[in-house]
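# Using only what follows, build the 3D model:
(one chain, ligands or ions: 1)
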Amino acid sequence: MKSYEVNFDGLVGPTHNYGGLSFGNVASQSNSQQSSNPKEAALQGLAKMKALMDMGFVQGVLAPQERPDVGALRSLGFGGTDAQVIEQAAKEAMPLLVASCSASSMWVANAATVSPSADTADGRVHFTAANLNCKYHRSIEHPTTSRVLGAMFADQKHFAHHAALPAVAQFGDEGAANHTRFCRDYGEAGVEFFVFGRSAFDPRYPAPQKYPARQTLEASQAVARLHGLSDGGVVYAQQNPAVIDQGVFHNDVIAVGNGEALFYHEDAFLDTEQMLAELSAKLAKRGGQFKAICVPRAQVSVEDAVRSYLFNSQLLSQADGSMLLIVPQECQNNERVWQYLQTLISSGGLIREVKVFDLKQSMQNGGGPACLRLRVALNETELAAVNPGVIMTAPLYGTLTQWVEKHYRDRMTENDLADPQLLLECRAALDELTQILKLGAVYPFQIN
Ligand code: SUG
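Modelled structure (predicted):
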């Protein structure tokens, strides 16, 4: 049976703004309070989805969330009508209003961890929503994420959904941003690679000094257990704490894997040799041949990797067995990174092509091409069981583009977030979106 890696991209929500909310994420901190352009952001994301669809990849779309999150503000003690909740929060606690307005659910690599059916004990595709509990503005995403994933992958014969892990730092879980899967073919059993930043319970693992390590070993192990993965199909590795302190807040900022290949920076991991040997041995047992593509620090520094988001690229398999790298424009703007990429594709190795996308609106908050997508490997039967409303087609692209043009503002600042009218605009837009994507009622304003 044929199998696919389907990329579900997060549609940027109408409140996209630069809140400076993510300590440890250099772009988010340095663009804090700049004015944003939600319309442009959503159109840039849609253009990437359309381009991948046009290249022949199966592409899906994941809906944004209801923002401002009035329910979250109410749980923090703001009261009255919805408009009064927003006005009171704007007057007394602007940072909380900004957090409740973040469109951060667009970075769906953090929505969940997904294990394909070939890897799991019960032969279903498993999803665990990420608790994202390192940052308040992200910790409020998972209830709606779970409802949206449930509406997209509803058939329980094929899909199993797990609630987010306990919402404490010891189980900090950032989803697929720290998870990669190696396999010979998407439909065959593979090796799932969980990368963590620290251990919550074992002091022998070093931790970063300056910035938080968002993912714990214990969270990764819990996800592997929930999904019914076997020991032979799992490898855990620790991120180098020194790179977290340089702004590598997720592993997908310094490494990306696909098929049998891992493309990574020399400084990305601790105990790299041992980790590569384990990956190689476990993949060999599944009939695969592991290929490590290491980018030396002498050619690309960690600083250049963080600035350009070279590794936050999408590594995609082409029909001829070679691979294609989807990179953000910031890679082209960085001379050393661009030079490295030219050498890489002309060297006759596995990666033969690079395609550049303008995702500046998302990039300014630390979200590149890979952050914007959640990968779900599906066989033909499973793909047929996915809600067809969320699979990208030329007509859907046209409808979504018109929907963005109709509902989105082209400028967003803190003042705009304090405007209660924005909530009504967002709800009207999202109500229409659930009909376009055939999701049913998934948002708090549609349920309560
Ligand atoms: O969690 N930025 C996100 C970026 C997530 C990127 N995802 C992956 N690497 N997979 C974060 O730090 C910034 C929001 C703001 O500052 O307005 C933000 O949440």
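
# The stretch 51-200 of the chain: helices as residue ranges?
For the stretch 51-200 of the chain, the helices defined by DSSP state H, counting those that start in this stretch cover 70-75, 82-92, 94-101, 136-139, 142-152.

# ok, how many other residues are close to Val327?
25 (other CB atoms under 10 Å). Glycine gets a C-beta too; all of them are placed from N, C-alpha and C.

# Tell me the gap between whichever strand or helix holds it and the middle of its chain.
Per DSSP states H and E: Val327 is located in strand 323-328. Centre-to-centre, strand 323-328 and its host chain are 16 Å apart (CA atoms, centre = their mean, to the nearest Å).

# Quick check: which of the helices of the stretch 51-200 of the chain is nearest to Ala164?
helix 142-152 (4.2 Å; CB to CB).

# In the closest one, which residues are buried?
142, 144-152 (16 or more other CB atoms under 10 Å).

# Which elements pack onto it?
strand 59-62, strand 125-129, strand 159-162 (3 or more CB pairs under 8 Å, 6 or more residues apart in numbering; DSSP states H and E).

# and those as TSV, adding distance to the ligand?
Listed next are the helices and strands packed on helix 142-152 as TSV, based on distance: least, CB to the nearest ligand atom, whole Å:
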stretch	distance to the ligand
strand 59-62	13
strand 125-129	15
strand 159-162	20
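
# distance of the nearest residue to Asp185 once chain neighbours are set aside from the ligand?
Closest residue to Asp185 apart from its sequence neighbours, by CB to CB, 6 or more residues apart in numbering: Ser3 at 6.3 Å. For Ser3, the distance to the ligand (CB to the nearest ligand atom, to the nearest Å) stands at 24 Å.

# ok, Ser3 - contacts?
Residues in contact with Ser3 (CB atoms under 8 Å, 6 or more residues apart in numbering) are 185-187, 377-380.

# Can you tell me which of those residues are buried?
Those of the contacts of Ser3 that meet the buried threshold are 185-187, 377-379, by 16+ other CB under 10 Å.

# Do a quick rundown of the strands in the stretch 151-300 of the chain.
159-162, 179-182, 191-196, 234-238, 255-258, 261-265, 291-295 (DSSP state E, counting those that start in this stretch).

# Save these as CSV, and put in mean pLDDT too.
Below are the strands of the stretch 151-300 of the chain laid out as CSV (pLDDT from 0 to 100):
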stretch, mean pLDDT
strand 159-162, 98
strand 179-182, 98
strand 191-196, 98
strand 234-238, 98
strand 255-258, 98
strand 261-265, 98
strand 291-295, 98
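
# Could you measure from the residue of the stretch 201-350 of the chain found nearest the ligand over to Gly172?
Closest residue of the stretch 201-350 of the chain to the ligand, CB to the nearest ligand atom: His250 (3.8 Å). To Gly172, His250 is 12 Å away according to CB to CB, to the nearest Å.

# does the residue nearest to Asp185 have beta-bridge partners, and which?
Per DSSP bridges, the residues bridged to Ser3 are Asn379.

# Buried ones in stretch 217-237, by neighbour count?
Judged by neighbour count (16+ other CB under 10 Å), stretch 217-237 contains these buried residues: 217-224, 226-229, 233-235, 237.

# restrict these to those near the ligand?
When contact is defined as CB under 6 Å from any ligand atom, the buried residues of stretch 217-237 do not meet the ligand at all.

# And the furthest pair within those residues?
The distance between the two most remote of those (CB to CB) is 21.0 Å, for Gly228 and Ala237.

# nearest residue to the residue most central in space within the chain other than its sequence neighbours?
The centre of the chain sits closest to Ala109, judged by CA atoms, centre = their mean, with a distance of 1.5 Å. For Ala109, ignoring the flanking residues on the chain, the nearest one in space by CB to CB, 6+ apart is Ala177 at 4.5 Å.

# Report the contact partners of the one you found.
107, 109-110, 250-252, 370-371.

# Would you list the buried entries among these?
Buried subset of these (neighbour count, 16+ other CB under 10 Å): 107, 109-110, 250-252, 370-371.

# can you list those residues in TSV and add pLDDT and distance to Ala298?
Output for those, formatted as TSV (pLDDT from 0 to 100; distance: CB to CB, whole Å):
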residue	pLDDT	distance to Ala298
Trp107	98	31
Ala109	98	29
Asn110	98	31
His250	98	24
Asn251	98	22
Asp252	98	23
Ala370	98	24
Cys371	98	27
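
# from those, which two are the most distant?
Farthest pair in these, by CB to CB: Trp107 and Asn251, 13.8 Å.

# tell me the contacts of Gln239?
Counting by CB under 8 Å, 6+ apart, Gln239 has contacts 178, 195-197, 213, 215, 248, 251, 254, 268-270.

# Go again with 7 Å.
195-197, 248, 251, 268-269 (CB atoms under 7 Å, 6 or more residues apart in numbering).

# pLDDT wise, what is the closest residue to Gly79 other than its chain neighbours at?
Nearest non-adjacent residue to Gly79, counting by CB to CB, 6+ apart: Val85, 6.6 Å away. Predicted confidence (pLDDT) for Val85: 98.

# which residues touch Val85?
By CB under 7 Å, 6+ apart, the contact list for Val85 reads 70, 73-74, 78-79.

# Try it again at 10 Å.
68, 70-74, 76-79, 97, 100, 420, 423 (CB atoms under 10 Å, 6 or more residues apart in numbering).

# mind checking the backbone torsions on the most far-flung residue of the chain relative to its centre?
When distances to the mean C-alpha position of the chain are computed (CA atoms, centre = their mean), the maximum falls on Gly80, with 34.9 Å. With angles defined as degrees, to the nearest 10, Gly80 sits at phi 90, psi -160.

# Give me the spatial nearest neighbour of it, chain neighbours excluded.
Gln88 (6.9 Å).

# just to revisit the earlier point, touching, the residue of the stretch 201-350 of the chain closest to the ligand and Phe196? I think so.
No. Taking CB atoms under 10 Å as the definition, His250 is not a contact partner of Phe196, at 11.1 Å.

# Could you tell me which residues touch both of these two?
Contacts common to His250 and Phe196, judged by CB under 10 Å, 6+ apart, are 174, 178, 214-215, 239.

# Now pLDDT and distance to Met363 too, for those residues, in a markdown table please.
As requested, the shared contacts of His250 and Phe196 are exported to a markdown table (pLDDT from 0 to 100; distance: CB to CB, whole Å):
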| residue | pLDDT | distance to Met363 |
| --- | --- | --- |
| Glu174 | 98 | 18 |
| Asn178 | 98 | 20 |
| Arg214 | 98 | 19 |
| Gln215 | 98 | 22 |
| Gln239 | 98 | 21 |
